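[1] Here's a sequence, model it:
(2 chains)
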Amino acid sequence: MKYKAKNYAEALSDLMLEKKVEDKKIVDSFLEFLEKNRDIGKAKEIIALAEALFIKKTGRRKVVVETARRIKPKQKELLDSIMQKGDIVDEKINKDLIAGIKIIINNDQLDLSMQKKLQNIFK
Amino acid sequence: MEETGLLGQLGIDWRLFLSQAVNFFILLTVLTFFVYKPLIKVIKDRNAKIKEGLDKAEEADVRLKEIDVIGKEKIKEAEQESINIIKTTEQKAKTLEQDLTKKAEEHQKDLMEQIKKNAAKAQEEANKAVLNKAADLVKKAIVKTIELEPDKIDEALIKKAIFHIKQDEI
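    The predicted model follows:
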């Protein structure tokens, strides 16, 4: 590893903060750079670290929304009512949830899925 | 020459008589030393041997009687000892039998308890399996029910989640 993962992450988060070019371009160039340095294997770890740093530096929230199926427009509208400007939203489909929703904001989690409810019932 | 005196009158020649007396004395002496005394010695030795034999026989008889008495005593002691051994053995056998019976009873009791425990455990496991199966069935039924109209449930749970978030519960 030419540089430490933390250093790569710092650089990536700074680039994203500067916003001189599009995010896609930043990411593509960064991946190329990693490949050149033969550190592409650590890309996942570096991106996760960069994301955490970016969130910390900008004071934004990372919101992960997990549902059992694709969110319907009406449900999306409901969810938008709790989103703040600048939130980094990651939508995931997890069929194990059966129904309902699981929302993770930064490190806090609210699990209102049917999977959780059934777990509680048959505990 | 004619002999005079009494001996002469008796027709005994005193010289012949003297020579015969001397011969007799010599013969007596020889017989005394070479026949009589050895013979007496042999007789005495024989008598002593016979006496010794008799004494020994008598002593042997006494000893035999003593041995007989001792033998009888020993037989009596041996009989007594045998009786004691038999009594002790009987007692030991009785104790051993009691111990074995007690152990067998305890073993049987333990076995019964083990069987009861195993049966209870098997029953418990069976109940658990039935409960798990029932829970799985209920879960499947719930899932199937939800799958009929998932949007309504999703919406309701999303509304609830939003309510909690707005209440600053997250």
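
[2] And the pLDDT at residue 41?
    In the absence of a named chain, chain A is used. With respect to pLDDT, residue A:41 scores 89.

[3] if you could check chain B rather than the one you did, that'd help
    Residue B:41 is given a pLDDT of 96.

[4] count of neighbours near it?
    Using other C-beta atoms under 10 Å in any protein chain shown, residue B:41 is surrounded by 10 other residues. Any C-beta I mention is one placed from the backbone N, CA and C, and that applies to glycine too.

[5] what about residue B:108, how many neighbours?
    Neighbours of residue B:108 using other C-beta under 10 Å come to 10.

[6] Can I take it that it is in a strand?
    No - looking at residue B:108 with DSSP: H, G, I helix; E, B strand; the rest coil, it is helix, so not inside a strand.

[7] quick one: contacts for the residue of chain B found nearest chain A?
    Distances between chain B and chain A by C-beta to the nearest C-beta are smallest at residue B:157, namely 3.5 Å. Contacts for residue B:157 (C-beta atoms under 8 Å, 6 or more residues apart in numbering or on different chains) come out as A:99-101, A:112-114.

[8] quick one, phi psi at residue A:81?
    Per-residue torsions, residue A:81: phi -70, psi -20 (degrees, to the nearest 10).

[9] May I ask you to confirm that it is in contact with residue B:163?
    No - look at residue A:81 against residue B:163 with C-beta atoms under 8 Å: they stay out of range, at 10.5 Å.

[10] Pull the distance from stretch B:6-22 to the chain's centre.
    Computed by C-alpha atoms, centre = their mean, to the nearest Å, the chain-centroid distance of stretch B:6-22 equals 97 Å.

[11] Please apply the same query to stretch B:110-117.
    Relative to the mean C-alpha coordinate of its chain, stretch B:110-117 is positioned 42 Å out (C-alpha atoms, centre = their mean).

[12] Give me the secondary structure label for the most centrally placed residue in chain A.
    With distances taken as C-alpha atoms, centre = their mean, residue A:90 lies nearest the centre of chain A, 5.0 Å away. What three-state DSSP gives for residue A:90 is strand.

[13] That one and residue A:63 touch, don't they?
    Yes - Residue A:90 is in contact with residue A:63 according to C-beta under 8 Å; the separation is 7.1 Å.

[14] Show me the common contact partners of those two, please.
    Joint contacts of residue A:90 and residue A:63 (C-beta under 8 Å, 6+ apart) do not exist.

[15] tell me which element residue 27 falls in.
    No chain specified, so I'll use chain A. Secondary structure from DSSP states H and E places residue A:27 in helix A:23-36.

[16] wait, I meant chain B there
    Using DSSP H and E, residue B:27 falls within helix B:14-31.

[17] my guess is residue B:155 meets residue A:75, correct?
    Yes - contact between residue B:155 and residue A:75 holds when scored by C-beta under 8 Å: they sit 6.0 Å apart.

[18] between those two, who's got more neighbours?
    residue A:75 (21 against 17).

[19] Report how many residues lie close to the residue nearest to that one when sequence neighbours are not counted.
    Spatial nearest neighbour of residue A:75, excluding adjacent residues (C-beta to C-beta, 6 or more residues apart in numbering or on different chains): residue B:158 at 5.2 Å. Residues contacting residue B:158 under the criterion other C-beta under 10 Å number 24.
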